[in-house]
Each structure stands twice: as C-alpha cells, then as structure tokens.
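> turn this into a model:
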Amino acid sequence: MTQTAVITVMIADDHDILRRGIAHVVQSNPSLALVAQAAGLAETPHLCRQTRPDILLIEPVHRNGDGVEIIRAIRRDCPETRVIALSDVCDEQTVQAAIQAGVTSYLLKNASSDELVNAIYDAYVGKSTLAREAAQALVNAAQRPSASSFNLTRRELEVLELMIHGLKNTEIASTLTVSRSTVKKHVSSILNKLNTSSRTEAVAVAMQNRIVPV
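Below you'll find the model as predicted:
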C-alpha cells in the first residue's frame, strides 16, 4: 500500500520485549514515526495527551490494570487518535469490551509486520482491521442468546449468580433473606427456563451464555 503522509504512532504494552519488537517494526517504516512508548497504564493517558499520536497500539489486557478503561479514556480525551488493540488474548468478552471502548482495529500479536503496518495505514483513514479470531469472537457473541431471551426474573438472576458462586440453597436463602422453600422454587424455575436438569448443568449454561456477570 502506498503511503505518503508520516503517521505518528504510540505503543502501550507492559511486556518489554514485545513492546520493543513492535517499536522496531514501526521505526523500520519510513512512513511511520514512533512518538512515545508506555510500559504501564498509569503513564499511557498522559503520554497520549502529550504527543497526540495518529495511532495508539495498546494491549487491552494489562497485568496491573484495566486496559479497556484506558482505551475509553483516551478515546474521550484524544478523539483524533485511532486505537488499535494488539493482544494475545482473543476471547469474546475482551474483544467486545475493546470494540465497545472505541478501538478501530483488533489484532493478535502474532500478526506479521506487514499485517501490522497495513492495519496502521487502514486505521489512519478510518478503516477497521480484525484478526480472524477476533471477527469470529464477535460472530459467536452475536449468536449467543442474551439473558433476556431466557426470561429469567430479577430474583432468578440473583439466585443464579449465587449458584454460580457455589452457594447452596440454605446459603442463598440467608444471603437474600428469603425462605429455603422460596429459593427451591426459584432454582426449579431456573432449571426449567434454561432447559437443564441439574444445578451443575444450569451453571454451565449460564456461564457459557454469560447470563450473569461472574
């Protein structure tokens, strides 16, 4: 792809070796200019506001904080900066959260140098790039039934969440300040609505479909 404008790039990743490798790819391309590197989340927003890069390459899953929240803050404070998530994590929850926070593209760290550079060029003009695995994660999430599709009541959702955390009926009753017979009725209704025959199966279905936060 022909690129004439010099695109400024910032990298935020807490893995030093990987960050240096990405920096080398950027610095090896005359159409790209590396303007900042952040090794931790705390310095990322400040450096981004200070340098105002065209592109921010960021790991959304940091060991010492929430990268997705940082992405959301940067999109708010530096709306002209396009954000590319560059990660080795590609589960549905992480990809969805990053997209919702405002990333333009989502790549895996095993992407080739050419794939990374082309994704930077594309993001610069507002075009998204998704790793095949990230695209599949979004498709899977879109096809997954929502909590509302199971028609669980608010109380049933509360009971289900406690079931996921391993609480027995007596413990659920104590936590919610209701009788054991009431909990038993809720559990029976949950099993019926999830089309399951046991608590274990219900918990598995709930976790698979992310019906309640865990």
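> and after the helix or strand encompassing residue 188, which helix or strand comes next?
Using DSSP states H and E, the element containing residue 188 is helix 180-193. Counting by DSSP H and E, the element after helix 180-193 in chain order, helix or strand, is helix 199-208.
> packing partners for that next one?
Helix 199-208 is packed against helix 154-164, helix 180-193, with contacts defined by 3 or more CB pairs under 8 Å, 6 or more residues apart in numbering; DSSP states H and E. In this view, the C-beta of every residue, glycine as well, is placed from N, C-alpha and C.
> buried residues in it?
199, 202-203, 205-206 (16 or more other CB atoms under 10 Å).
> kindly report the same for stretch 185-204.
Result for stretch 185-204 [16+ other CB under 10 Å]: buried residues 186-187, 189-191, 193-194, 196, 199, 202-203.
> and the buried residues of helix 199-208, which is closest to residue 39?
residue 206 (38.1 Å; CB to CB).
> ok, which stretches of this protein are helices?
Assigned by DSSP state H, the chain shows helices spanning 16-27, 44-51, 67-77, 92-101, 113-124, 132-143, 154-164, 169-176, 180-193, 199-208.
> ok, which of those comes nearest residue 107?
Nearest of the helices of the chain (CB to CB): helix 113-124, 5.7 Å.
> please report the distance of the residue lying farthest from the centre of the chain from residue 191.
Residue farthest from the centre of the chain, counting by CA atoms, centre = their mean, is residue 181 at 39.3 Å. Separation of residue 181 from residue 191 (CB to CB, to the nearest Å): 16 Å.
> from residue 111, how far off is residue 187?
46 Å.
> quick one, what contacts the residue nearest to residue 111 when sequence neighbours are not counted?
Excluding the flanking residues, the one nearest residue 111 by CB to CB, 6 or more residues apart in numbering is residue 131, at 6.8 Å. Residues in contact with residue 131 (CB atoms under 8 Å, 6 or more residues apart in numbering) are 90, 106-108, 111.
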